[in-house]
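> Below: sequence and its predicted model.
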Amino acid sequence: MKCSICPWNCPRDAGRAATSTSELRQRTAPALRETDAYEAFRRYVLELFDALACDRLLAERLSDTASAAAGSILETLAARMEKAQRSGKIRADASQLDLRVFLCGAALQLLRLGETDPVTWRRYGEMVLTALQP
């Protein structure tokens, strides 16, 4: 069953426990094919926040340093961020730790606050991007 808010199978509508990581990979694949380094990073972050809005378990796992799924997502993001740094559109001093703190911190707080509005989640994704700009 498709979610009424996004085109994916979200627990909110389908009663599923979580969106699979393979579904997340499918969802973010267009961003990874993007040729512009910053645009690839930007699209991935926004798609991730869109997915997290629908998937409470994935949002929780993202902040877990022992989670293999979180590690994979953050490695992908870090690689994209480093490419975007070389283009000059991401702060030169931004680190993987900065990315983890901004992204996971925002996701964890939205989760703890019980925020379910995808527009709000996307807004915080945009704020994460803004925080990393020079």
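Yes, it's here. Residues are numbered from 1 along each chain as shown.

> Could you pull out the helices in this structure for me?
11-14, 21-33, 37-54, 56-62, 68-86, 96-112, 118-131 (DSSP state H).

> who does the third one touch, helix- and strand-wise?
Looking back up the chat, that one is helix 37-54. Contacting helix 37-54 under the criterion 3 or more Cβ pairs under 8 Å, 6 or more residues apart in numbering; DSSP states H and E are the following elements: helix 21-33, helix 56-62, helix 68-86, helix 96-112, helix 118-131. Backbone N, C-alpha and C define where each C-beta goes, glycine included.

> Go through those and name the closest to residue 42.
In terms of Cβ to Cβ, the element of these nearest to residue 42 is helix 118-131, at 5.7 Å.

> Do me a favour and average the pLDDT over the closest one.
Averaging pLDDT along helix 118-131 yields 96.

> and it, which residues are buried?
Taking 16 or more other Cβ atoms under 10 Å as the neighbour-count basis, helix 118-131 is seen to contain the buried residues 118, 121-122, 124-125, 128-129.

> one step back: need the winner for burial among the helices of the chain.
helix 37-54 (a mean of 22; mean count of other Cβ atoms under 10 Å).

> Show me what the mean pLDDT comes to for it.
The predicted confidence, averaged over helix 37-54, sits at 93.

> how big is the angle separating that helix from helix 68-86?
Compare the direction of helix 37-54 with that of helix 68-86 by axes from the mean of the first three to the mean of the last three Cα atoms, to 10 degrees and you get 150 degrees.

> can I get the CA coordinates of helix 37-54 in PDB?
Included here for helix 37-54 are C-alpha records, laid out as PDB according to Å, rounded to 0.1, in the frame of the first residue of the first chain:
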ATOM      1  CA  ALA A  37      28.500  17.000  -7.000                       C
ATOM      2  CA  TYR A  38      26.600  19.500  -4.800                       C
ATOM      3  CA  GLU A  39      23.300  18.600  -6.500                       C
ATOM      4  CA  ALA A  40      23.900  14.900  -5.800                       C
ATOM      5  CA  PHE A  41      24.500  15.600  -2.100                       C
ATOM      6  CA  ARG A  42      21.600  18.000  -1.800                       C
ATOM      7  CA  ARG A  43      19.100  15.700  -3.500                       C
ATOM      8  CA  TYR A  44      20.300  12.700  -1.400                       C
ATOM      9  CA  VAL A  45      19.900  14.700   1.900                       C
ATOM     10  CA  LEU A  46      16.400  15.800   1.000                       C
ATOM     11  CA  GLU A  47      15.400  12.400  -0.200                       C
ATOM     12  CA  LEU A  48      16.700  10.900   3.000                       C
ATOM     13  CA  PHE A  49      14.700  13.400   5.100                       C
ATOM     14  CA  ASP A  50      11.600  12.600   3.100                       C
ATOM     15  CA  ALA A  51      12.100   8.900   3.800                       C
ATOM     16  CA  LEU A  52      12.800   9.500   7.500                       C
ATOM     17  CA  ALA A  53       9.500  11.400   7.800                       C
ATOM     18  CA  CYS A  54       7.700   8.200   6.900                       C
END
